[in-house]
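Q: Got a sequence here, can you build the structure:
(chains A and B)
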Amino acid sequence: MSSSRISIKSPSAYLVIAIVALIDLVLLYGVTLMYAQGELAFAILVLILAAVGSWVFISKKGYNYRYVYPSLLGVVTFIVFPLIYTVNVAFTNYSSNHLLSLDRVRAIHLAKTWRTGGESFSFKMYREGPNFRLMLSSASRATGEHYLTEPFPETSEPLKLKAYVSTHVPTGAELPIREVIKKRSTLKRLDIVLPNGTGLAMTSLRKFGAIAKVYRPDDRIDREYPEQNYALIDNRTGETIYPDMATGYYTNSDGSEQIGPGFTIYTGWDNFTRVFTDPGIQGPFLKIFAWTVIFSALSVVFTLIIGLLLACLVQWEPLKGNGIYRLLLILPYAVPAFISILIFRGLFNQNFGEINLLLDLLFGVKPEWFSNELLAKSMVVIVNTWLGYPYMMILSIGLLKSIPDDLYEASAIDGATPVQNLFHITIPMIIKPLTPLLIASFAFNFNNLVLIALLTDGAPDMLHATTPAGATDILVSYTFRIAFGSYGQDYGLASAIATVIFLMVGFIAWVNLKATRQLQ
Amino acid sequence: MAMVQSRNLKYRVWTARIVMWLFLLVILFPFFMIISVSLRTGNFATGSLIPENPSLEHWYLALGIPWENADGSITQPPFPVLTWLWNSIKVAITSSAMILILATTGAYAFARLRFRFKQQMLTAMMILQMFPAVLALVAIYSLFDQIGDYIPWLGLDSLGSVTLAYLGGMALHIWLIKGYFETIDNSLEEAAAIDGATPWQAFRFVLLPLSVPILAVVFILAFIASIAEYPVASVLLQSMDNLTLAVGSRQYLNPQNYLWGDFAAAAVLSGLPITVIFLACQRWIVGGLTSGGVKG
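A: The predicted structure is shown next:
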C-alpha cells in the first residue's frame, strides 16, 4: 500500500518536501535562538507560521492555500504586525530615556564601577619570555617593598591576577612607556587582587587604583514582590535600589532619587491621557488635526477642479495637438515627488529663491514663505495642488471617455453653454465612480508625510508646545517628529497618536468601502 | 457637434490654446528653473533663465568628478550621488521583484481558486492598503533594530531592511493583478486542466504568459513607488554611503550647508531616468492607476 502511494508522487513533490524541510530546519534553529534569548512571543509566532506553512505546502487539502499563503504571510508580517506592534508601543513609555528592557538596564547597573579612593599604584611592566609581569609600588609602602603580579600573557578576555609583596625586582626587561601604551588593551582587562583582597584595575596610563563594582545583586530570600528579584545593593552605602515599575527607573527605597538609564514599562493609557489632556500636547494636537483635515480637503478640491477642467480641455476635439499637452501636463506627476518637493523648497527660499526674486522684481515684495503661518500653509497647498492635479486629470480623462457622446449632441441642439454642459452632464455622470477615488486621495493626503517633511518640516514652529509642533505639521508629520525628531524621541507618545490616526484612517477606509459597494 | 458656430469656435480654440500655454508656463516653471540653476556658477548665483556664463561645475560634482575652479582650487563632490542612485535601484529592483512574485501568486488564488474566508481576506486587503507604512514607523524601526541583533544585514542602516519593509506595499498590487486575471477567460485554463495540467501548470504556462502587460505595470509601479519612498528609508538608513536617493537629496538643502546649484544638477540627473520610465510607460500605468491606486 504505502509503496504504491509513494509511487504516485512526482519527483517535484519530493523537491517541495525537501525545500519545506530545509526551510523548517532553518526556522527551528531560529526559534531555538529566540527562545534562548527569552523572546517567547516571537518564538511561538514563528513556530505557528512555520507549522501552517509546512502543512499548506505538503498536505493535499492545503493545496488552494499554497498560492495565497506567501502573500498573506507578507501582508501579515509587513502591514498587520507593525500596526499591532505600534498599538502595543502606545501603551508603554518606550522613548530615548526608556530604551532598554529591565534585564538590560540591570546588567548595565551591575557593570558600573567606581574608584574606591584607596591607594593608587604606579606600575612598571616587565617582559618574561612570552609573558609579562607588573611591579606595583606606592608612596605609602616602605622603600624597596612593592607588589609583584603573577606572569600573564597578552589577552583579550578579562583576567584575574594575584599579587604578592616582594622586595625583588623582576628579572625580565622593563618595557619602555611606548611599549606599555601598546599593551594597554591587555592591561585594561586585568583585575589584580592584593593579598588583603582589594581589587585593582588600570585607572590611567601610569596608574593602577582600587576599583569596585557599584552594585551587587540583592540575593536575600524574602521577596515581597516579584520586582525585588531585580533589586540591587549599592556597595558604597549598603542602600538597596529597586526598579520602580511606575516610573521606569531604578530608585532608592524612599523613591527620592532616580538612577538612569530608564527601562521600558507598560504605562496603560498614560500616553492617550497626555494627548487629550496635557495642554502642551492637546492644544497643538487639535490645531494640527484641524489643519490636516483642511489641508487634505483643500488638496482634493483644488486638484479636482484643475484636473477636471484640464481633462475637459484636453479631451476637447478642436484643440489639436492634445497628445503633447497631455504629456506636458502629466510631467509634474512623472517626476518623483521627493525631487519636485525639494525643488519647490529651494524656489520658495526667502532670500535666494527664484520665486521671491521674481516677486521682488515685479511687485517689490519678498514674502516670508517659511516663517509666516498663513503663507506657509498656502505654499503647502499650492505645491500639493501642483503635485496632485495630473492624477485627477488622468482619472477624469478615463471617466470622461465613458460618457456617451450623444448626451453632448443633444445638449448642443438645445443650445447649452460649456458651463451648463459641465454642471448638468459631466459632473453628474462622473461623480459616482469618482467618489471612492476622491476618498482615497483624501486619505493619501491625510498621511502625506513626504510633502511636509521635505517642504517645511512643519515650520513655522508653534509656541507653547511641549513637543515639537509646527503650523504646517499634519498629524503624521507631527508623529514623525515626536518619534524621530532631534529633541528626545518619545516613541510611546508617537505610537499613541499613530493609534488615533489608525482609527481615523480606518473610518475613512470604511466610508470608502461603502462608497465602492454602492457603485457595484 | 454643431457646425454653425465656426467663427465662434475659432475664437474659442484660440482662447483655450492661450490659456493652456500660460498654464503650462506656470506649471513647468520649476523645471526650467532647475535646469537653469544647475548650469549657473556657484551655489548662490542669481540671474536670468538663460545663465550668462554657464558652467558645468555642478554636473561634474553630481557625477562624482572633482571640479577645478577658475582660481585653481579643487572642489570635491559633496555627496556620493551615484552611490545613492545605485542603492535606490538595488532596493527598488529587489523589492519590486519580490512584490511581483508574492502579489501574482496571491492574486491567482483570489481570482481562480476557492478557499474559506476569501471574501473577508480581500476586504481586509482593501482596507489595509489604505494604512501607509508611515503610521507604523516606530514599530518598523524597533523591529529592524531587534532583527539586527541576529541578522546584521537586515538590521538598522542596511539596504536589506528597507527592501523588506517595502514589501508592505503589496496589498494594492494583489487587487490590481486580481482584477486583470478576472478579465481573462478561464476556458483556456480549463482546457489545459482537461489535458491533465496541474493548477500550477495552468497558472505558469497559460495564465502568466497572457498577463505580461499587468505584470510589467505592477513592476513599474512598485519600482517607482520604492524609488520615491522617503519616510521608511529616512528612519532605517543612517550612514552616508547607505542612503537612498530620496533620503540623500535632502542633505543638499540644509540651512547650514545650502548647496542649491549642486542640488539642481543632482536632481536633474537622478530625476530624469525615472521621469522617462514613467512617461514611456504612462499608457499602461494610467490604466493601473485609474483602477484604484494613488501614487505613494
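
Q: Now do the helices for the stretch 1-150 of chain B: every range, in order, please.
A: B:6-38, B:57-62, B:81-112, B:118-128, B:137-150 (DSSP state H, counting those that start in this stretch).

Q: Compile these into a markdown table and extend it with columns for distance to residue A:370, mean neighbour count and mean pLDDT.
A: For glycine as for every other residue, the C-beta is placed from the backbone atoms N, C-alpha and C. Conversion of these to a markdown table gives the following (distance: least, CB to CB, whole Å; neighbours: other CB atoms under 10 Å in any protein chain shown; pLDDT from 0 to 100):
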| stretch | distance to residue A:370 | mean neighbour count | mean pLDDT |
| --- | --- | --- | --- |
| helix B:6-38 | 17 | 15 | 87 |
| helix B:57-62 | 24 | 22 | 86 |
| helix B:81-112 | 26 | 21 | 92 |
| helix B:118-128 | 36 | 15 | 87 |
| helix B:137-150 | 25 | 20 | 88 |
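
Q: okay, now the closest residue to chain B within the stretch 1-150 of chain A: neighbour count?
A: For the stretch 1-150 of chain A, the nearest residue to chain B under the criterion CB to the nearest CB is residue A:71, separated by 2.9 Å. Residues lying near residue A:71 (other CB atoms under 10 Å in any protein chain shown) number 27.

Q: Just the element for it, please.
A: In this structure, residue A:71 sits in helix A:68-75 according to DSSP states H and E.

Q: Quick check: mean pLDDT of that helix?
A: Per-region confidence: helix A:68-75 scores 88 on mean pLDDT.

Q: now the angle from it to helix B:118-128?
A: In terms of direction (axes from the mean of the first three to the mean of the last three CA atoms, to 10 degrees), helix A:68-75 departs from helix B:118-128 by 30 degrees.

Q: And chain B, is the longest helix along chain A touching that?
A: In chain A, with assignment by DSSP state H, the single longest helix is helix A:279-315. Yes: using CB under 8 Å from any CB of the partner chain, helix A:279-315 reaches chain B at A:310, A:313.

Q: Let me know the angle separating that helix from helix B:6-38.
A: Taking the same axes, to 10 degrees, one finds that helix A:279-315 is oriented at 130 degrees with respect to helix B:6-38.

Q: how about helix A:279-315: buried residues?
A: A:281, A:283-285, A:287-289, A:291-292, A:295-296, A:298-300, A:302-304, A:306-314 (16 or more other CB atoms under 10 Å in any protein chain shown).

Q: Could you pull up the residues touching the residue of the stretch 151-300 of chain A at minimum distance from chain B?
A: Using CB to the nearest CB, residue A:264 is the residue of the stretch 151-300 of chain A that sits closest to chain B, at 10.1 Å. Residues near residue A:264 by CB atoms under 8 Å, 6 or more residues apart in numbering or on different chains: A:92-94, A:98-102, A:248.

Q: Those also near chain B: which ones?
A: residue A:94.

Q: which of the contacts of residue A:264 tops the neighbour count?
A: Neighbour-wise, those (other CB under 10 Å) top out at residue A:94, 29 neighbours.

Q: so it makes contact with residue A:494?
A: No: with contact defined as CB atoms under 8 Å, residue A:94 does not count as touching residue A:494 (9.3 Å).

Q: Now for these two: what residues contact both?
A: With CB under 8 Å, 6+ apart as the test, residue A:94 and residue A:494 both reach residue B:138.

Q: what's the pLDDT at residue A:114?
A: On pLDDT, residue A:114 comes in at 80.

Q: so how far is residue B:276 from the residue nearest to residue B:228 when sequence neighbours are not counted?
A: In this structure, residue B:228 finds its nearest non-sequential neighbour in residue A:336, 4.2 Å apart by CB to CB, 6 or more residues apart in numbering or on different chains. Distance, residue A:336 to residue B:276, using CB to CB, to the nearest Å: 12 Å.

Q: Give me the more crowded residue out of the two.
A: residue A:336 (27 against 11).

Q: residue contacts, that one?
A: Contacts of residue A:336 (CB under 8 Å, 6+ apart): B:224, B:227-228, B:246, B:271, B:274-275.

Q: mind running it again at 7 Å?
A: B:227-228, B:271, B:274 (CB atoms under 7 Å, 6 or more residues apart in numbering or on different chains).

Q: what do you get for residue B:211?
A: By CB under 7 Å, 6+ apart, the contact set of residue B:211 is B:180-181, B:184.

Q: ok and the residue in the stretch 1-150 of chain B nearest chain A?
A: Residue nearest to chain A within the stretch 1-150 of chain B (CB to the nearest CB): residue B:106, separated by 2.9 Å.

Q: I'd guessed that residue sits against residue A:69; true?
A: No: applying CB atoms under 7 Å, one finds residue B:106 not in contact with residue A:69, separated by 8.7 Å.

Q: What residues does the stretch 1-150 of chain A have near chain B?
A: Proximity of the stretch 1-150 of chain A to chain B (CB under 7 Å from any CB of the partner chain) is limited to residues A:33, A:64-65, A:67-68, A:70-72, A:74-75, A:78-80, A:82-83, A:85-86, A:89.

Q: which of the residues in stretch B:273-282 are buried?
A: Using 16+ other CB under 10 Å as the test for burial, stretch B:273-282 gives B:274-275, B:277-279, B:281-282.

Q: So which of those residues sit within helices?
A: Per DSSP H, the buried residues of stretch B:273-282 map to helices at B:274-275, B:277-279, B:282.

Q: Out of the residues you listed, which are close to chain A?
A: Near chain A, by the rule CB under 7 Å from any CB, you find B:274-275, B:278-279, B:282 out of these.

Q: which residues does residue 41 contact?
A: Defaulting to chain A. Taking CB under 7 Å, 6+ apart, one finds nothing in contact with residue A:41.

Q: I was after chain B.
A: So residue B:41 contacts B:53, B:55, B:57 (CB under 7 Å, 6+ apart).

Q: how does it look with 6 Å?
A: Going by CB atoms under 6 Å, 6 or more residues apart in numbering or on different chains, residue B:41 touches residue B:55.

Q: got a pLDDT number for it?
A: 80.

Q: Wait, residue A:74 touches residue B:101, no?
A: No: with contact defined as CB atoms under 6 Å, residue A:74 does not count as touching residue B:101 (9.8 Å).

Q: Please name the bridge partners of residue A:266.
A: Note on residue A:266: beta-bridge partners by DSSP bridges are residue A:92.

Q: right, and it touches residue A:92 too?
A: Yes: with contact defined as CB under 6 Å, residue A:266 counts as touching residue A:92 (5.5 Å).

Q: How about the residues of the stretch 201-350 of chain A by chain B?
A: For the stretch 201-350 of chain A, the residues in contact with chain B (CB under 6 Å from any CB of the partner chain) are A:313, A:318-319, A:325, A:328, A:334-339, A:342-343, A:345-347.

Q: again, only using 7 Å
A: Going by CB under 7 Å from any CB, the residues of the stretch 201-350 of chain A near chain B are A:313, A:316, A:318-319, A:325, A:327-328, A:330-332, A:334-340, A:342-347.

Q: So the residue nearest the centre of chain B: helix, strand or coil?
A: By CA atoms, centre = their mean, chain B has its centre lying nearest to residue B:224, at 1.6 Å. Of the three states, residue B:224 takes helix according to DSSP: H, G, I helix; E, B strand; the rest coil.

Q: Against residue B:275, how distant is it?
A: With distances taken as CB to CB, residue B:224 is found 10 Å from residue B:275.

Q: shared neighbours, those two?
A: Residues touching both residue B:224 and residue B:275 (CB under 7 Å, 6+ apart): none.

Q: re earlier: which residues are in contact with both of residue A:266 and residue A:92?
A: Between them, residue A:266 and residue A:92 share no contacting residue, judged by CB under 7 Å, 6+ apart.

Q: packing partners for the strand or helix carrying residue A:127?
A: According to DSSP H and E, residue A:127 maps onto strand A:113-128. On a contact count with 3 or more CB pairs under 7 Å, 6 or more residues apart in numbering or on different chains; DSSP states H and E, strand A:113-128 meets strand A:131-137, strand A:173-174, strand A:207-213.

Q: Give me whichever of the ones you listed is most buried.
A: Mean neighbours per residue, mean count of other CB atoms under 10 Å in any protein chain shown, is largest over these for strand A:131-137, with a mean of 20.

Q: No more questions from me, cheers.
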